[in-house]
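Asker: Sequence and predicted structure are below.
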Amino acid sequence: MAARKRSAIDSVYIPDDLSDSESDFGFESDSDINFSDCSSSSDESDHDSINLQSVRQWCKIYMKNIPPSPVPFRGNPGITVNIANNASRHPWPKLNKIYELMEHLQRKFRKVYIPGKSLSLDESLMKFKGRLKWKMYIAKKKEQDLGLKFFVLCEAESGYISDFLIYTGEGTVYNSKYSQYPVSTKIVLHLMDRFLGKGYCVTIDNFYMSPQLADILVTERTDTYGTVNKTRKDLPVNFSKEKVPKGEIVAYQRGKVMTLKWQDKKSVCFMSTFHDASSYLVACKSKKTVMKPVVVCDYNNTMGGVDLCDQEMS
């Protein structure tokens, strides 16, 4: 396309056919602008002021000519404009500015893919260097970067994110159905809510696992297993103090809930609604075979869903 005239600013290009640029970019031109004035002055400062003003007027952007966004955010669904713009009245006060994006992503994650039976739940961190009161780090992760903390529910095999919850400290909003439970239990039930009663099995670590949570999930026809803190309430009497020889197993059964302590290099405690106390030989790196409980091997295979997700996104 041939140029009609170049202004004093070399980077500004004025096409011959304005109709093409208008249709392609959503611009509308002002025919009253005299671009010849751009080169009539001998003063360099006059050139700058005239050219910039001319460019601003020529490049008028009209929103009606711009195609709609692929992510149509037009206000918080079901929330009035006054509430949406007022953090104190918003259902997610600390996330009111990204609420629409968060809801959109969650709807898409739930709709696009139905995960397999095995799920894993763990923490994840999104690095953030801006100013935010509730930035934090995850102590058990190798990288000690500050950022936004997420609780993520993933498919164990692929690492696909089925749901997530942004942790904002005391202002974190959980499903109101589970308000009577401790925070660690509320997190699991909040993320697992739409999977309850469908035969899923979720792998969790000792931050979430407790006899109370295991009992709740059993009543909801959902299995769980993972490590458990030996000082948790309602564990078998003397479970925390019981000494076990290396390589040996001590297990207790209460209904469908099995609690197990296995002595490896140090004692490891597990709880499961899916396993018994059986074990089998496993080959180690030192080419030796070791008897390991089945629940330990399954935990090692399925708990890495969130870590796999982090690897795919990094």
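Answerer: Arrived safely, thanks for sending.
Asker: For the stretch 151-300 of the chain, which segments are assigned as strands?
Answerer: 161-167, 201-204, 223-227, 249-254, 257-263, 267-272, 279-283, 289-293 (DSSP state E, counting those that start in this stretch).
Asker: Helices of this protein, residue ranges please.
Answerer: Using DSSP state H, the helices of the chain run over residues 18-25, 44-58, 81-84, 99-112, 183-192, 211-219, 294-302, 305-313.
Asker: Okay, now the unreliable bits of the chain?
Answerer: Applying pLDDT under 70 to the chain flags the ranges 1-92, 137-144, 287, 314.
Asker: count of neighbours near Val228?
Answerer: By the measure other Cβ atoms under 10 Å, the count of residues near Val228 is 26. Using the backbone N, CA and C atoms, a C-beta is placed for each residue, glycine as well.
Asker: wait, I meant Gln263
Answerer: 15.
Asker: Next, the contact list for Gln263, please.
Answerer: Going by Cβ atoms under 8 Å, 6 or more residues apart in numbering, Gln263 touches Val244, Pro245, Lys246, Gly247, Glu248, Ile249.
Asker: and the closest residue to it other than its chain neighbours, what is it in contact with?
Answerer: Computed as Cβ to Cβ, 6 or more residues apart in numbering, the closest residue to Gln263 that is not its neighbour in sequence is Val244, at 4.1 Å. Going by Cβ under 8 Å, 6+ apart, Val244 touches Val250, Lys261, Trp262, Gln263, Ser267.
Asker: Which residues are in contact with the first one?
Answerer: Just to be clear, that refers to Val250. Residues in contact with Val250 (Cβ under 8 Å, 6+ apart) are Glu242, Val244, Leu260, Lys261.
Asker: beta partners for it?
Answerer: Lys261 (DSSP bridges).
Asker: Can you report how many residues lie near Lys198?
Answerer: Lys198: 12 neighbours (other Cβ under 10 Å).
Asker: For it, give its distance to Pro115.
Answerer: To Pro115, Lys198 is 11 Å away according to Cβ to Cβ, to the nearest Å.
Asker: returning to what we had before: among the strands of the stretch 151-300 of the chain, which comes closest to Gln311?
Answerer: Closest approach to Gln311 among the strands of the stretch 151-300 of the chain (Cβ to Cβ): strand 161-167, 13.0 Å.
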